[in-house]
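Asker: Quick one: sequence and predicted model below, then my questions.
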Amino acid sequence: MSAATDPPVSDVGPAGAELPPSSPTSAATWAALLTGPVVWITHFMVVYLTVEAACGRAPIVTAGDRSIATVVLAVTGAAALACAGSVWWAWHRHREHDGLEASLGAAGVLLGLGSLASVLAVGLPAVWLEPC
């Protein structure tokens, strides 16, 4: 069938009910939803690879050297601030919109809080424990 002979698309659903206008969810809402988990996995990989590089087969740090712990804590602080920012952003998306965007904003708040807890759980042991 060619485009010229296709029947027109209408906004009438089954049984003649009118369909609500579709509104695509904005990219900012999706970004607010996914920022926390992306920050968390990035933090996890940076901390893991940093400690692995420093303490692997040929360690570059000696016992009692806190330089790697300092790096881990700095990265953890930056990631925690980014997660807190994603929670704030998702909260505002939730408060300013309705429908699907509000629901995605609420989910973004929960994902951001979980990501913040995960970042702290991965990074804060460097305060008390030797990285190697």
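Answerer: Perfect, I can see it now.
Asker: and stretch 115-132, which residues are buried?
Answerer: Ser115, Leu116, Ser118, Val119, Val122, Gly123, Ala126, Pro131 (16 or more other C-beta atoms under 10 Å). Glycine gets a C-beta too; all of them are placed from N, C-alpha and C.
Asker: wait, the fifth one sits on Phe44?
Answerer: Yes: the pair Val122 / Phe44 is scored as a contact, 5.7 Å apart, by C-beta atoms under 8 Å.
Asker: So which residues of the protein form helices?
Answerer: With DSSP state H as the criterion, the chain has helices at 27-55, 67-96, 100-123, 125-128.
Asker: Turn those into TSV, including mean pLDDT.
Answerer: Listed next are the helices of the chain as TSV, based on pLDDT from 0 to 100:
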stretch	mean pLDDT
helix 27-55	92
helix 67-96	93
helix 100-123	94
helix 125-128	90
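Asker: And for the residue nearest to Gly85 when sequence neighbours are not counted, the neighbour number?
Answerer: Spatial nearest neighbour of Gly85, excluding adjacent residues (C-beta to C-beta, 6 or more residues apart in numbering): Thr35 at 7.8 Å. Neighbour count of Thr35, defined by other C-beta atoms under 10 Å: 21.
Asker: Thr35: what's it in contact with?
Answerer: Ala82, Gly85, Ser86, Trp89, Ala90, Gly108, Gly112 (C-beta atoms under 8 Å, 6 or more residues apart in numbering).
Asker: quick one: the second one from Ala28, how far?
Answerer: Read that as Gly85. 14 Å (C-beta to C-beta, to the nearest Å).
Asker: With the last one instead?
Answerer: In this structure, Gly112 and Ala28 are 14 Å apart, going by C-beta to C-beta.
Asker: Neighbour count for those two, which is higher?
Answerer: Gly112 (28 against 13).
Asker: Quick check: the more buried one touching Leu81?
Answerer: No: counting by C-beta under 8 Å, Gly112 stays clear of Leu81, with 11.8 Å between them.
Asker: Please report phi then psi for Leu124.
Answerer: phi -70, psi -30 (degrees, to the nearest 10).
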